[in-house]
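Novice: quick one: sequence plus predicted model below, questions after.
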Amino acid sequence: MARYFKFKSPEEVTAEAAALGHEMRLSADFAPLFLPLAIGTLRAGNRLLVQPMEGCDGTLDGNPDELTLRRYKRFGAGGAKVIWGEATAVCDAGRANSRQLLAAEHTAAGLEQMLRVCRQAHREACGDDGDLVVGLQLTHSGRYSYRKPLLATHDPILDPLTRDRDAGRFVTAGDPLLSDDDLKRIEDQYVAAAKLAARIGYDFVDLKQCHRYLLSELLAARNRPGEYGGSLENRTRLVRNVIGRIRSEVPHIVIATRLNSYDGIPYRGEGEGENFIGRPCPHELPLATAFGTNPHDHLAEDLTEPLAYVRMLRDWGVRLINVSMGNPYSNPHVVRPAEFPPVDGYHAPEHPLLGVARHFRIARQIQAAIPDVPVVGSGYSWLQEFAPHAAAANIAAGHAALAGFGRATLAHPDFAQSLATSGRLNRKQICRTFSYCTALMRAKNHPLGQYPTGCPPFDKEVYGPVWKELEEGRG
Ligand SMILES: Cc1cc2nc3c(=O)[nH]c(=O)nc-3n(C[C@H](O)[C@H](O)[C@H](O)COP(=O)(O)O)c2cc1C
C-alpha cells in the first residue's frame with residue numbers, strides 16, 4: 001500500500017515538503033529542460049539525462065548481451081541528450097556481479113556496438129545525434145566485488161554486513177586490505193579502461209566514486225594507513241593520479257565523476273511485516289569512515305570535504321559531476337527514495353520526500369561551489385509524474401545543470417520524447433518505485449549467477465516472464 005505518494009498536483013508536493021520543513025520548488029514550465037548545455041568540449045541538446053542503470057545482463061565474460069543492447073537502443077531513442085553508460089568494471093576481480101560489463105580488449109567490439117546502437121536509435125528517433133553525449137561509468141566494486149570483497153579500509157559498521165561468499169562468513173577486522181601496490185595496479189586498470197573507452201568513441205568516462213564501491217570507500221578511508229589513507233590529499237590520490245594520466249594520454253576524452261557527497265551510515269530493518277522499518281545500525285561516535293557526514297550526527301551532511309574535493313576535481317580537469325549519496329546495500333533509502341522497500345531493504349525510516357530533498361539540497365550546494373562545471377542531480381524517480389516539474393525548477397534556478405533519471409528510465413525510456421512532444425510523461429509508464437528492478441538485481445539464483453534487471457510492471461513483455469521465473473524459483 002502506498003503510504004506517502006498521494007499528490008495530485010505539483011503544489012501538493014511543495015506543500016508536503018514545506019510541512020516537512022523543506023523548500024522544494026516545482027515548475028510547469030519545462031522550457032529549461034530543453035536548453036542546450038556545454039559539457040567541456042561537448043554539447044548536449046537538452047538537460048535530461050539517463051543515469052547509469054546496470055542491467056546485470058551482460059555475458060559472463062563481460063560483454064553486452066541482447067538485453068543490454070536493447071536497453072541502450074531504447075535509451076538512445078528516448079530523447080534524453082546525455083546517456084550515462086552503466087557501471088563497467090575496470091578488471092574482472094572488481095565486477096559486482098557475474099553479468100556486469102567489463103572494459104577489456106575482448107569486450108571492446110561489444111561496448112562499441114552498445115554505443116553504435118544507442119546513437120543510431122537516437123538518429124532514427126530524433127534526427128541528429130550531434131548533440132547527444134554518451135559516456136561510460138568505470139567502476140571497481142571494492143568491498144562489493146562478487147568474487148571476494150576487496151577492501152580499501154575497515155569500516156566498523158559495514159564490515160560485519162559485508163559477506164565474503166567464498167569464505168562463508170562476513171568480513172572481519174583482521175581481513176587484509178588492498179595494498180598500496182594493489183591500488184597502483186588499479187590506477188593502471190582505470191587508465192587502460194579510459195583509453196579503451198576513448199578509442200571506442202565514448203564522449204566521456206566517469207571515474208565512479210559513489211555508493212561505497214572502491215573509490216567511494218577510499219574517500220572515507222581516514223583510518224587507512226599509507227599513501228592512500230588518512231588525509232584528504234591521500235584519500236584522493238588514486239583519482240588524482242588517474243585523471244593526470246588520462247589527461248596526458250587521451251586528452252580528448254571528457255572526464256566525469258559520479259560522487260558520493262554524503263555516505264550516511266548503514267541501516268537494518270527491525271519489526272514485523274508492515275512495521276519492518278529501517279533503523280540506524282548501532283555505531284560509535286565520532287564516525288570515522290563516513291564521507292560527507294557529520295561525525296557526531298549521521299543524519300546530517302557535512303559538506304566541508306565534498307565541497308573542497310569538487311573544487312579540486314574541477315582544477316584537475318573534471319568537466320561533469322553527478323551527485324549521488326548513500327549505499328545501495330546498507331542504506332538504500334538514501335540512494336533511491338522509494339515508496340515500496342527493496343527485497344533486501346526495509347520500510348522507509350523517513351518520508352521519501354526527505355530523501356529527495358536531501359538529494360536536491362546537496363546537489364545544489366555542490367553546483368554553487370563549482371558554477372562553471374555542470375552538476376547532475378539524482379533521486380528524482382520517487383516524484384513520479386512530478387519529477388519533470390522538480391527538474392525544471394532546479395535547472396531554472398541553477399541548482400543543477402542536468403536532471404538525472406534512474407529507475408524512471410527503465411519504466412519509461414522515452415520520457416524525454418514524451419515531455420518534448422506532449423508536455424507530460426506517459427501515465428502508463430511512470431515508475432511507481434515498486435523496487436522490482438532492485439529485487440531482480442539482487443537475485444542470484446540464476447544459471448548465470450545473476451538475474452537480468454528491468455521493469456516487470458511497465459516493460460512487461462520482456463521482464464514479466466523474468467519476474468515470473470524468479471518467483472517460481474523462489475517458490
Ligand atoms: C537497477 C538499478 C541499476 C543501477 N545501476 C547503477 C549503476 O550502474 N551505476 C550507478 O552509479 N548507479 C546505479 N543505480 C542507481 C541509479 O543510477 C540512481 O542513482 C538511483 O536509482 C536513484 O535515482 P532515481 O530516483 O531516479 O531512481 C542503479 C539503480 C538501480 C535501481
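Specialist: That came in fine, so what should we check first? Residues are numbered from 1 along each chain as shown.
Novice: please count neighbours and contacts with C-alpha atoms only from this point.
Specialist: OK.
Novice: next, count neighbours for the residue nearest to Ala38 when sequence neighbours are not counted.
Specialist: Distance criterion CA to CA, 6 or more residues apart in numbering; nearest residue to Ala38, sequence neighbours excluded, is Ala44 at 6.3 Å. For Ala44, the neighbour count with other CA atoms under 10 Å is 23.
Novice: what's near enough to touch Ala44?
Specialist: 36-38, 81-82, 131-133 (CA atoms under 8 Å, 6 or more residues apart in numbering).
Novice: after the longest helix along the chain, heading C-terminal, what element do we hit next?
Specialist: Counting residues, the longest helix found in the chain (DSSP state H) is helix 180-200. As assigned by DSSP states H and E, the chain's next helix or strand after helix 180-200 is strand 204-207.
Novice: how about that next one and the ligand, any contact?
Specialist: No: using CA under 6 Å from any ligand atom, strand 204-207 stays clear of the ligand, with a minimum separation of 9.3 Å.
Novice: tell me how far that strand is from the chain's mean position?
Specialist: Relative to its parent chain, strand 204-207 has a centroid offset of 13 Å by CA atoms, centre = their mean, to the nearest Å.
Novice: partners of it, with directions?
Specialist: strand 133-139 (parallel), strand 254-260 (parallel) (DSSP bridges).
Novice: the ones you listed: which one's closest to Gln189?
Specialist: strand 133-139 (9.9 Å; CA to CA).
Novice: between helix 180-200 and that closest one, find me the angle.
Specialist: With axes from the mean of the first three to the mean of the last three CA atoms, to 10 degrees applied, the angle from strand 133-139 to helix 180-200 works out at 160 degrees.
Novice: before we move on, back to that, quick one: mean pLDDT for the longest helix of the chain?
Specialist: On average, the pLDDT along helix 180-200 is 98.
Novice: buried sites along that helix?
Specialist: Using 16 or more other CA atoms under 10 Å as the test for burial, helix 180-200 gives 180, 183, 186-198, 200.
Novice: relative to the ligand, how far out is Cys210?
Specialist: 7 Å (CA to the nearest ligand atom, to the nearest Å).
Novice: the residue lying closest to that residue once chain neighbours are set aside: neighbouring residues, count only.
Specialist: Among residues not flanking Cys210 along the chain, Asn260 sits closest, at 4.3 Å (CA to CA, 6+ apart). Asn260 has 26 neighbouring residues, counting by other CA under 10 Å.
Novice: near the ligand, which residues of this protein?
Specialist: Within the chain, the positions near the ligand by CA under 6 Å from any ligand atom are 51-54, 86-87, 335-336, 378-382, 405-408, 437-438, 441, 453.
Novice: can you pull the pLDDT of the spatially most central residue of the chain?
Specialist: The centroid of the chain falls nearest to Pro52 when counting by CA atoms, centre = their mean (5.7 Å). Turning to Pro52, the model gives it a pLDDT of 98.
Novice: that one against Gly85, yeah?
Specialist: Yes: at 5.3 Å, Pro52 counts as touching Gly85 under the criterion of CA atoms under 8 Å.
Novice: quick one, strands of the stretch 151-300 of the chain?
Specialist: With DSSP state E, counting those that start in this stretch as the criterion, the stretch 151-300 of the chain has strands at 163-164, 169-170, 204-207, 254-260, 267-270, 277-280.
Novice: of those strands, which is nearest Gly76?
Specialist: Short answer: strand 204-207, nearest of the strands of the stretch 151-300 of the chain by CA to CA, at 16.0 Å.
Novice: what comes into contact with the closest one?
Specialist: For strand 204-207, the surrounding residues in contact (CA under 8 Å, 6+ apart) are 133-139, 190, 194, 197-198, 239, 253-258.
Novice: next: stretch 71-82.
Specialist: Stretch 71-82 is touched from outside by 44-50, 83, 114-115, 117-126, 131-135, 409, 413-417, with contacts defined as CA under 8 Å, 6+ apart.
Novice: if we can go back for a sec, from the residues of the chain next to the ligand, which land in strands?
Specialist: 86-87, 405 (DSSP state E).
Novice: what number of residues lie near Leu42?
Specialist: Residues contacting Leu42 under the criterion other CA under 10 Å number 17.
Novice: just want the phi and psi numbers for it.
Specialist: Dihedral pair for Leu42: phi -100, psi 160, per degrees, to the nearest 10.
Novice: show me what it is bridged to.
Specialist: On DSSP bridges, the residues paired with Leu42 through beta bridges are Ile39.
Novice: wait, what's in contact with it?
Specialist: Contacts of Leu42 by CA under 8 Å, 6+ apart are 131, 133, 203, 254.
Novice: let's see if you can find the most crowded of the residues you listed.
Specialist: Neighbour counts for these peak at Val254, which has 23 neighbours (criterion: other CA under 10 Å).
Novice: once you drop chain neighbours, what's closest to it?
Specialist: Using CA to CA, 6+ apart, the nearest residue to Val254 is Phe204, at 4.5 Å.
Novice: next, the buried residues of stretch 417-435.
Specialist: The neighbour-count check on stretch 417-435 (16+ other CA under 10 Å) flags 417-420, 424-425, 429-435 as buried.
Novice: nearest to Ala363 among these?
Specialist: Looking across these and measuring by CA to CA, the closest to Ala363 is Thr433, at 21.5 Å.
Novice: surely that closest one touches Gly379?
Specialist: No: assessed by CA under 8 Å, Thr433 is found out of contact with Gly379, at 11.2 Å.
Novice: so what does Ile321 look like in phi/psi?
Specialist: Torsion angles, degrees, to the nearest 10, at Ile321: phi -130, psi 130.
Novice: and it, how far from the ligand?
Specialist: Ile321 is 12 Å from the ligand, by CA to the nearest ligand atom.
Novice: what does Arg474 give?
Specialist: Using CA to the nearest ligand atom, we find Arg474 at a distance of 20 Å from the ligand.
Novice: I figured Gly62 hits Arg99, correct?
Specialist: Yes: using CA under 8 Å, Gly62 is in contact with Arg99, at 6.3 Å.
Novice: mark which of the contacts of Ala44 are buried, thanks.
Specialist: Applying 16+ other CA under 10 Å to the contacts of Ala44 flags 37, 81-82, 131-133 as buried.
Novice: can you put those residues in TSV and add secondary structure, distance to Tyr228 and pLDDT?
Specialist: Listed next are the buried ones among the contacts of Ala44 as TSV, based on DSSP: H, G, I helix; E, B strand; the rest coil; distance: CA to CA, whole Å; pLDDT from 0 to 100:
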residue	secondary structure	distance to Tyr228	pLDDT
Leu37	strand	35	98
Lys81	coil	36	98
Val82	strand	33	99
Asp131	coil	38	98
Leu132	coil	36	98
Val133	strand	33	99
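Novice: what's the closest of those residues to the ligand?
Specialist: Val82 (13.2 Å; CA to the nearest ligand atom).
Novice: so what sits opposite that closest one in the bridge?
Specialist: In this entry, Val82 is beta-bridged to Leu49, Val133, by DSSP bridges.
Novice: and the residue nearest to Cys210, what does it touch?
Specialist: Asn260 neighbours (CA under 8 Å, 6+ apart): 209-212, 216, 291-292, 323-326.
Novice: so which of those are in helices?
Specialist: Using DSSP H, the members of the contacts of Asn260 that fall in helices are Ser216.
Novice: need the contacts of Asn260 in JSON lines (columns: distance to Gly110 and neighbour count).
Specialist: Putting the contacts of Asn260 into JSON lines (distance: CA to CA, whole Å; neighbours: other CA atoms under 10 Å) gives the following:
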{"residue": "Gln209", "distance to Gly110": "25", "neighbour count": "27"}
{"residue": "Cys210", "distance to Gly110": "25", "neighbour count": "27"}
{"residue": "His211", "distance to Gly110": "26", "neighbour count": "26"}
{"residue": "Arg212", "distance to Gly110": "28", "neighbour count": "28"}
{"residue": "Ser216", "distance to Gly110": "28", "neighbour count": "28"}
{"residue": "Phe291", "distance to Gly110": "35", "neighbour count": "30"}
{"residue": "Gly292", "distance to Gly110": "37", "neighbour count": "24"}
{"residue": "Val323", "distance to Gly110": "28", "neighbour count": "27"}
{"residue": "Ser324", "distance to Gly110": "28", "neighbour count": "26"}
{"residue": "Met325", "distance to Gly110": "30", "neighbour count": "30"}
{"residue": "Gly326", "distance to Gly110": "31", "neighbour count": "24"}
